[in-house]
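Asker: Sequence and predicted structure are below.
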Amino acid sequence: MFAPGRVNLIGDHTDYMGGLVFPMAIDRGVSITGTVGGSLVEVRSGRESTSARLELPIDDPASVSPPWARHLAGVAAEMDATVGFTGELSSDLPVAGLSSSAAVQVAVALMLGHPGPPLAVAELCQAAEHRSIGVPCGIMDQLTVAAGVAGHALLIDCHSLEVAPVPVPEDVEVVIVHSGEHRELANSAYAARRAECESAQQVIGPLRLAPLDAVAGIDDAILRARARHVVSENQRVRDFAEALAEGDYSEAGHQMVESHRSLGQDFEVSTPTLDTLVAELAAIPGVYGARLTGAGFGGAVVALCRPGALDRGFLAIASAGARVL
Ligand code: GLA
């Protein structure tokens with residue numbers, strides 16, 4: 001079983017508010033090989049010193065040890081699995097921040113025989129993440145991993161859950177560069193941002209429907225800034241998708257840089273290291289734009305560029321979702 005990682009081109013911290021995102025599944029990810037059967041989920045991982053050995057059924061996935069096995073346990077618990085598998089997990093995702101945990105979850109769901117369709121797999125894995133890790137994530141990562149389409153990014157409306165595959169033009173490259181910065185305190189800060197967005201929503205109604213003018217009516221300066229990010233980011237996703245389809249890559253790149261600025265200034269999920277990296281990359285000839293990708297607080301930066309313009313990071317190819325290899 002193979003489940004890809006993902007990179008988000010634009011639209012961060014919008015999914016859990018029912019907004020728009022524009023990610024793509026990439027050509028690297030997580031593989032699980034093994035044999036189905038028995039009442040255990042037993043998995044060895046090349047990157048972990050301790051194996052997972054979970055007895056089914058699982059009641060409380062959040063208390064499972066070693067901690068990395070909670071991703072497996074959450075999925076098994078959500079599926080009420082009683083038949084497990086014995087196998088080996090490997091990953092060729094080079095850096096953090098490309099949804100390796102969503103890839104593990106989706107791969108485990110398929111190993112445990114989830115019949116699909118991709119949206120149902122993604123919703124189950126999202127619930128598993130909430131239950132086992134305690135991070136109130138949106139649907140973007142799991143849905144991209146499950147529903148990726150080769151050669152396409154996915155324009156996802158996280159309210160209707162409609163997934164529209166959009167071709168990635170052949171004359172641009174998507175390059176991922178790691179900031180070298182480990183994500184610290186990301187989980188609690190993520191939950192705090194989501195709670196702030198929900199508070200803002202109580203003042204002006206659903207942020208996905210709110211016009212930018214309405215945001216000015218929020219008294220609290222922090223809530224106002226968080227809402228301004230979400231509302232403006234939804235518009236940037238639309239503008240980016242349109243620019244990409246028209247071949248206006250400078251405009252697409254401009255939207256990425258604006259997205260990064262908004263994530264830094266209004267949403268406060270960037271770091272000085274990420275800001276410096278984005279500025280450095282965006283200044284290179286042939287780079288149309290760059291931004292942090294995913295939750296922020298460290299992790300990876302994504303750049304849109306002319307083929308061959310960047311000699312650092314790695315090229316990400318838009319790929320199909322989870323599948324049997
Ligand atoms: C993480 C979450 C996603 C999404 C991004 C930010 O990757 O898992 O649901 O909220 O952060 O866009």
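Answerer: It's in.
Asker: so what's the most centrally placed residue in the chain up against?
Answerer: Centroid check for the chain by CA atoms, centre = their mean gives residue 141 as the closest residue, at 3.7 Å. By CB atoms under 8 Å, 6 or more residues apart in numbering, the residues touching residue 141 are 6, 23, 99, 101, 102, 294. All C-beta atoms are positioned from the backbone trio N, CA, C, and that covers glycine.
Asker: Likewise for residue 140?
Answerer: With contact set as CB under 8 Å, 6+ apart, residue 140 has these partners: 6, 8, 11, 15, 21, 23, 156, 158.
Asker: Of those residues, which are in range of the ligand?
Answerer: Among those, proximity to the ligand is found for residue 15 (CB under 6 Å from any ligand atom).
Asker: now the contacts of residue 141 as CSV including neighbour count, secondary structure and pLDDT?
Answerer: Formatted as CSV, these follow (neighbours: other CB atoms under 10 Å; DSSP: H, G, I helix; E, B strand; the rest coil; pLDDT from 0 to 100):
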residue, neighbour count, secondary structure, pLDDT
6, 33, strand, 98
23, 28, strand, 99
99, 31, coil, 95
101, 25, helix, 95
102, 31, helix, 97
294, 25, coil, 96
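Asker: quick check, nearest of the residues you listed to residue 167?
Answerer: Closest approach to residue 167 among the contacts of residue 141 (CB to CB): residue 23, at 14.6 Å.
Asker: Pretty sure the closest one sits against residue 6.
Answerer: Yes - Residue 23 is within contact range of residue 6, at 4.9 Å (criterion: CB atoms under 8 Å).
Asker: Report the contact partners of residue 207.
Answerer: 17, 18, 19, 197, 200, 201, 227, 230, 231, 234.
Asker: what helix or strand is it on?
Answerer: For residue 207, there is no host helix or strand (DSSP states H and E).
Asker: go on, residue 231?
Answerer: Taking DSSP H and E as the criterion, residue 231 maps to helix 221-246.
Asker: Buried ones in the lowest-mean-pLDDT helix or strand in the chain, by neighbour count?
Answerer: Least confident element among the helices and strands of the chain, by mean pLDDT, DSSP states H and E: helix 186-204 (a mean of 95). Neighbour counts using 16 or more other CB atoms under 10 Å place 186, 187, 189, 190, 193, 194, 196, 197, 200, 201, 203, 204 of helix 186-204 among the buried residues.
Asker: For the stretch 101-250 of the chain, give me the ranges with low pLDDT.
Answerer: For the stretch 101-250 of the chain, the stretches flagged by pLDDT under 70 are 184-185.
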